[in-house]
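> sequence and predicted model, in that order:
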Amino acid sequence: MRINRVLYWSLIIFLSAVILVCGGLIAHKFITDAREQGYYDDLLSTMPSMERPSIPNAPITTPSIPSDTVDPFEPGPSRPHPVFDESEILFGYRSLYAINNDMVGFIEIPGTSIRYPVVQSPHQANYYLRRNFLKVSATCGTIYVREACDVNKPSDNVTIYGHKMTNGTMFADLHKYKNKSFWEDYSYIYFDTLTEQHAYEIFAVFQMSANRTDSFNYHLFDDAKDEAEFNQFVNTCKVMSYYDTGITPVYGEKLITLSTCDKDVDDGRFVVVARQLY
């Protein structure tokens, strides 16, 4: 009996220790995530307010057909940053660009917590995966553009990555687009370059596993070599989409693809694709 009591209390003590350690790790993660988001909140609080055209009355740009293209399913080289005269940079973004000249744009999605500067490393792929806007180690990373894409030309499709943080920050709110009712209320994305304001309309939302050999390589598509290739990308996005938005981009229109993780499937990805309105 005495041995059983010793084993019993030993087990209780062990399990209590495990619970305390796990609880401590969880608490530490939430505190860390909150602190990292606080950094971005402080950063953005210094930005001047910016006006932009309203979506319903926004001018629609005439699509231009690119004459120089590359194979869209090869990673491609990193693109050097263009040299900007500070006077060309939109006033609201000058202070952020002065902090980090890897900044290439700013993304904001009404109805979500997504409102962040966007960067692109000219030298190293995924450099900002675990670094914040100051290039300091951070689990939340920074919203960043795939190295082969050109936001200023722009590429036919610009892929933008962000983490799905457990506290609902970074790209976590993209998952709200699983519900068509949320898309109906918040179907627009603002993604500005440093020198121009742009608005996009979401046309497809889907989930996939990156581990499958037949996985859709959406993230490798930047410039279409012809109309058929562009249409194939668009149609694949629409077929995989949770719901039909009734929107089909045409060749010459510019796209952005927002990508984050999805733990509901093995090595999952959650993807939101939108076409440019202005």
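Happy to help now that I have it. Residues are numbered from 1 along each chain as shown.

> every contact and neighbour count from this point should use C-alpha atoms.
Will do.

> what backbone torsions are found at I114?
Here is the backbone geometry of I114 (degrees, to the nearest 10): phi -80, psi 110.

> contact partners for it?
I114 sits next to I107, E108, T169, M170, F171, D173 when contact means CA atoms under 8 Å, 6 or more residues apart in numbering.

> am I right that V118 is in contact with Y144?
Yes: using CA atoms under 8 Å, V118 makes contact with Y144 at a distance of 5.2 Å.

> mind checking the SS state of I13?
helix (DSSP: H, G, I helix; E, B strand; the rest coil).

> pLDDT score assigned to it?
Model confidence at I13, given as pLDDT, is 75.

> got it, and N211?
Note for N211: predicted pLDDT of 77.

> likewise D71?
D71 is given a pLDDT of 33.

> over to E36?
69.

> check the one 4 residues further on too.
At Y40 the predicted local confidence, pLDDT, stands at 88.

> equivalent analysis for the one 4 residues further on, please.
The model reports L44 with a pLDDT of 83.

> so how many other residues sit close to it?
L44 is flanked by 16 other residues according to other CA atoms under 10 Å.

> what of P48?
P48: 12 neighbours (other CA under 10 Å).

> that one belongs to a helix?
No: read with three-state DSSP, P48 is coil and lies in no helix.

> does it touch L90 like I think?
No: assessed by CA under 8 Å, P48 is found out of contact with L90, at 10.5 Å.

> any stretches of this structure with poor pLDDT?
The chain contains residues with pLDDT under 70 at 1-10, 14-36, 56-84.

> state which strand of it is the longest.
Ranked by residue count and defined by DSSP state E, the top strand of the chain is strand 199-209.

> surely A224 touches F230?
Yes: A224 lies in contact with F230 (CA under 8 Å); the separation is 5.3 Å.

> anything in contact with each of the two?
Overlap between the contact sets of A224 and F230, as judged by CA under 8 Å, 6+ apart, is nil.

> quick one, helices of the stretch 101-250 of the chain?
Per DSSP state H, counting those that start in this stretch, the stretch 101-250 of the chain carries helices over the ranges 180-185, 227-240.

> for burial, what's the neighbour tally of the nearest residue to H219 once chain neighbours are set aside?
Excluding its sequence neighbours, the residue lying closest to H219 (CA to CA, 6 or more residues apart in numbering) is T159, at 6.0 Å. By other CA under 10 Å, 25 other residues sit near T159.

> okay, T159 and N217: tell me how far apart.
Distance of T159 to N217, given as CA to CA, to the nearest Å: 11 Å.

> what sits closest to M240 if chain neighbours are left out?
In space, M240 is closest to F206, 5.7 Å off (CA to CA, 6+ apart).

> nice, that's everything, thank you.
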